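1. With the input below, show me the fold.
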Amino acid sequence: MAQIDRQMIDFMTYYKQLKGGTLNSINLITGREQYLIDNTVKMIEEAFLNPAYRDLNFTTIEGNIDVDQMGSVLETLPFFDARRIVLINNVGLFKAVKDEAEKKLISLLEGISPESILIIVERETDKRKKLYKLMEKNGTVVSVDKLTHSEYVKWVGKKFREYEKDISNHALHYFIEMSNYLDKESEKNLYDVDNVIKSLANTQGEIKEGVINQYLEVPIEHNIFKMIDAISERHIDTSLLILNELLGRGEPEIKVFYLINQQFRNILKTKYLVKSGYTSNIVATKLGIHPFVAKKAVHFANQYSFDALHKIVNIIEATDLEMKSTGLSPHLLIEKSLFEINGVA
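-> Next comes the predicted model:
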C-alpha cells in the first residue's frame, strides 16, 4: 500500500490516488457531501479488505469517543487479512477530545500499526488543534465539498448510464440546470439528485423537459425567465398565467417582483457587457450569477434595445415606489407593470 506525503487534497485527487492503490494509514475526510464520503469509505473497504472477513476487520465508532477503546481497536491485529479498517464517524472529535485525551490520542496515532487504516469523518474540524496538525503531517486530510460544474456534468451522465436510461444531451443539461445542485445557496446534495435520477430512470419513453419538471422542484428563477420570454414575444396572457401560478403556489408577491426586477437589471448590464465583447461565461463571473442565468440574460439582451431596457427598468422602479407608498395590492401592481413592459417597443 503506497503512502503519500503530508497534504490537504480535494476529493477528486484523493479518488484518483485510491484507484491507484495509494492510501495513508490516517485519513481525515471533511466536508458536507455525504454521498461522496460514504462512497469513498466503501471504495476503501472494497479495495483493502477481503469481503469474507469484512465484519471482523471493519469497525465503526460513533457516538461518544473513548480514546482507550479506540486504541484497543487500532491495536487489534487483522483477522485472516492484511489490513484492518477503523471508521470514526462524525463524533465531533475536535470538540469532544479535550487536552489530556488529545495528548493520548496523538500518541496513539503517532504509533499507529501499519496494518491499520484509520478513517475519520468529520463535518467540521479545527485547524488550530494539535490533533489536526498531526493528521495533516502524518496522514491525509481530504476536503469533500460540492462537485464543480464539470465534475457534476460527468457524475450525472454516469448515473444515467448506471441506471441504463438513455437521455439526450439537451435533456441532460436541462436536468443539470434545473436540479439546482450547483447553486451556492442550495442545500441539495448528491443523495437528493441520485434519488431523482433513479425515479427518472424508471419512467417510460424518452426523458424530456416536461418529464424532468414532474420530478424536480424547478427553481423560481426558471419561471421568471419563462415569464420574461413570454413578454419578449408579446404573449402577455402567458406571462400573467405564470405570475398567477407562482402566487397560487405560495410564492410571496414581493419575492416574485424582486426577481423580475433583478433579472431585467441583469439583462441590461449583460447587454453592455456583450457590447464590450464579453462572453456569457465572463458575464457570469462579472455579475456573480450562475452560468445558466448568464446565458439566458445574453439571450434576452439580444431581444431588447438599450432604450427598451432602460424604459423597462424605469417601469419597475415606478412600480416599486408605488408598492412602498400606496395601499394598492402588490399583485395588481405587478400585473400592471407586466402590461406596461409588454407595451415597450
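2. pLDDT wise, what is Gln214 at?
-> The per-residue pLDDT reported for Gln214 equals 83.
3. what about it, how many residues close to it?
-> Using other CB atoms under 10 Å, Gln214 has 10 other residues around it. For the C-beta atoms, the positions are set from N, CA and C on the backbone; glycine is no exception.
4. what's the helix or strand for it?
-> helix 209-215 (DSSP states H and E).
5. Show me which positions of that helix end up buried.
-> 211-212, 215 (16 or more other CB atoms under 10 Å).
6. tell me how far it is from the chain's mean position?
-> Computed by CA atoms, centre = their mean, to the nearest Å, the chain-centroid distance of helix 209-215 equals 20 Å.
7. Could you list every helix and strand in contact with it?
-> Using 3 or more CB pairs under 8 Å, 6 or more residues apart in numbering; DSSP states H and E, the elements in contact with helix 209-215 are helix 169-178, helix 190-201.
8. next structured bit after it?
-> helix 220-232.
9. Only C-alpha atoms, please: export that following helix in PDB.
-> Provided in PDB are the C-alpha atoms of helix 220-232 (Å, rounded to 0.1, in the frame of the first residue of the first chain):
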ATOM      1  CA  ILE A 220     -38.500  30.100  -9.300                       C
ATOM      2  CA  GLU A 221     -35.900  31.800 -11.500                       C
ATOM      3  CA  HIS A 222     -36.700  29.500 -14.300                       C
ATOM      4  CA  ASN A 223     -40.400  30.500 -14.200                       C
ATOM      5  CA  ILE A 224     -39.300  34.200 -14.100                       C
ATOM      6  CA  PHE A 225     -37.300  33.600 -17.300                       C
ATOM      7  CA  LYS A 226     -40.400  31.900 -18.900                       C
ATOM      8  CA  MET A 227     -42.400  35.000 -17.900                       C
ATOM      9  CA  ILE A 228     -39.800  37.300 -19.500                       C
ATOM     10  CA  ASP A 229     -39.700  35.100 -22.500                       C
ATOM     11  CA  ALA A 230     -43.500  35.400 -22.900                       C
ATOM     12  CA  ILE A 231     -43.300  39.200 -22.500                       C
ATOM     13  CA  SER A 232     -40.500  39.500 -25.100                       C
END
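10. Give me the buried positions along it.
-> 221-232.
11. neighbouring contacts of the next helix-or-strand element following that helix?
-> Note on helix 220-232: by DSSP H and E, the next helix or strand toward the C-terminus is helix 236-248. Identification of contacts with helix 236-248 by CB atoms under 8 Å, 6 or more residues apart in numbering yields 220, 223, 226-228, 230-231, 253, 256, 331, 334-335, 338-339, 342.
12. Now the two most distant members of those.
-> For these, the maximum inter-member distance is 21.4 Å, found between Ile220 and Phe339 (CB to CB).
13. how far is stretch 301-311 from where the chain is centred?
-> 34 Å.
14. quick one: average pLDDT of that stretch?
-> In the prediction, stretch 301-311 has an average pLDDT of 91.
15. Tell me the buried residues in it?
-> 301, 304, 308-309, 311.
16. Which of the contacts of helix 236-248 scores worst on pLDDT?
-> Ranking the contacts of helix 236-248 by pLDDT, Ile220 lands last with 76.
17. doesn't Lys255 make contact with that residue?
-> Yes - using CB atoms under 8 Å, Ile220 is in contact with Lys255, at 7.5 Å.
18. one step back: now the buried residues of helix 209-215 in a markdown table, with distance to Asn89?
-> A markdown table is the format used below for these (distance: CB to CB, whole Å):
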| residue | distance to Asn89 |
| --- | --- |
| Val211 | 37 |
| Ile212 | 34 |
| Tyr215 | 31 |
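19. next helix or strand past the top helix by length along the chain?
-> Looking across the chain with DSSP state H, the single longest helix is helix 253-275. Sequence order places helix 280-287 as the next helix or strand after helix 253-275, per DSSP H and E.
20. Mind exporting the C-alpha coordinates of that next one to PDB?
-> This file holds the C-alpha atoms of helix 280-287, laid out as PDB (Å, rounded to 0.1, in the frame of the first residue of the first chain):
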ATOM      1  CA  SER A 280     -21.700  34.600 -21.300                       C
ATOM      2  CA  ASN A 281     -19.100  32.900 -19.100                       C
ATOM      3  CA  ILE A 282     -17.300  36.100 -18.400                       C
ATOM      4  CA  VAL A 283     -20.700  37.900 -17.900                       C
ATOM      5  CA  ALA A 284     -21.500  35.200 -15.200                       C
ATOM      6  CA  THR A 285     -18.200  36.000 -13.400                       C
ATOM      7  CA  LYS A 286     -18.500  39.800 -13.600                       C
ATOM      8  CA  LEU A 287     -22.100  39.800 -12.400                       C
END
